[in-house]
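Chemist: Turn this into a model:
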Amino acid sequence: MEDKTAERVQQYFTEEGIADNYKLSFTDLKDEVAKCVDAKTQDEIWEGTKHDRMGNDGQARFYDSLSQTIGKLSIYDFCKSRHYESVVWRLSEVYTLLAERNVKNVLDVGCANGLEACFLAEEIKDSKVTGIDVSSQMIELANKRAAKRKIKNANFIVADRDKIPFAEGSFDSVFYMHSLAEGTEKDLINFNAIFNDILIQRLKEARRVLTDNGILLVLRPSCLELNVPFRFENMERIVSAGFSVETAYWKDFSNNESTVVVVAKKSS
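Modeler: Numbers count the residues shown, from 1 in each chain. Alright, predicted model coming up:
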């Protein structure tokens, strides 16, 4: 089952033009980006500690810059192709965790250009998948992706993840694909403020829009190359936001990357 899911994800990536660029060095990646965008945009992408990426405005500027293209791919997808192994595994894992729970209404918080959400909408056909992101340009790409693939059960809107514009109990599952802590770090590379009061409130907002016994999935990265440390999410904070943790585990990859997965349920 796991192999078949991974094969389907890889097929989807091929259809979307995303190849396995694992062997592409970080320097080569920057060189490819430099061919396509101006110096200011390059600085915005790579020199995160010199710019304000905090809050919605900073995150919107950053991800708007990643929406620009290298050939037919967005910079965002091209960067993901360097982490192909982990990206395939993460999407396979989210699909499996949601499909086995027979979810019907999924919220992808920080959906970017809809890469994961569109796959889930296609594969879990009797569900509705909603993606929100602060970047209007990323949401535009997500809607174009859904339209191109003729997906009818996915919807993408520009929204603040700290003020999710849906009523209580609107979703039976909410997931964060590396997006829970984005915009709360003291700087983007060193996750110095991973769990603080902002994140507790963010988790409480996710809980608000979940149905009773709704599922929360949190995936976060560890990457030695980017100096992102390996650590589990703080379980006490997830519990204090009104969740019971079902399981937490991680997967190591061949490029010194790891991904931590936390599965939690809304407590009554």
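Chemist: mind checking how far stretch 122-142 is from the chain centre?
Modeler: In this view, stretch 122-142 has its centroid 11 Å away from the chain centroid, taken as CA atoms, centre = their mean, to the nearest Å.
Chemist: So for that stretch, what gets flagged as buried?
Modeler: Of the residues in stretch 122-142, those buried under the neighbour-count criterion (16 or more other CB atoms under 10 Å) are 122-124, 127-135, 137-142. No exception for glycine: its C-beta is placed from N, CA and C like everyone else's.
Chemist: Lowest mean pLDDT among the helices and strands of the protein, which one is it?
Modeler: The element with the least model confidence among the helices and strands of the chain, by mean pLDDT, DSSP states H and E, is helix 39-46, at a mean of 71.
Chemist: With only the CA atoms kept, save it in PDB.
Modeler: Only the C-alpha atoms of helix 39-46 are listed here, as PDB (Å, rounded to 0.1, in the frame of the first residue of the first chain):
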ATOM      1  CA  ALA A  39      18.800  40.500  -7.700                       C
ATOM      2  CA  LYS A  40      16.300  42.000  -5.300                       C
ATOM      3  CA  THR A  41      14.100  38.800  -5.500                       C
ATOM      4  CA  GLN A  42      17.200  36.600  -5.100                       C
ATOM      5  CA  ASP A  43      18.100  38.500  -1.900                       C
ATOM      6  CA  GLU A  44      14.500  38.100  -0.600                       C
ATOM      7  CA  ILE A  45      14.600  34.400  -1.200                       C
ATOM      8  CA  TRP A  46      18.100  33.500   0.100                       C
END
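Chemist: Identify the residue spatially nearest to V103, adjacent ones excluded.
Modeler: In space, and not counting its chain neighbours, V103 is closest to S173: 4.5 Å by CB to CB, 6 or more residues apart in numbering.
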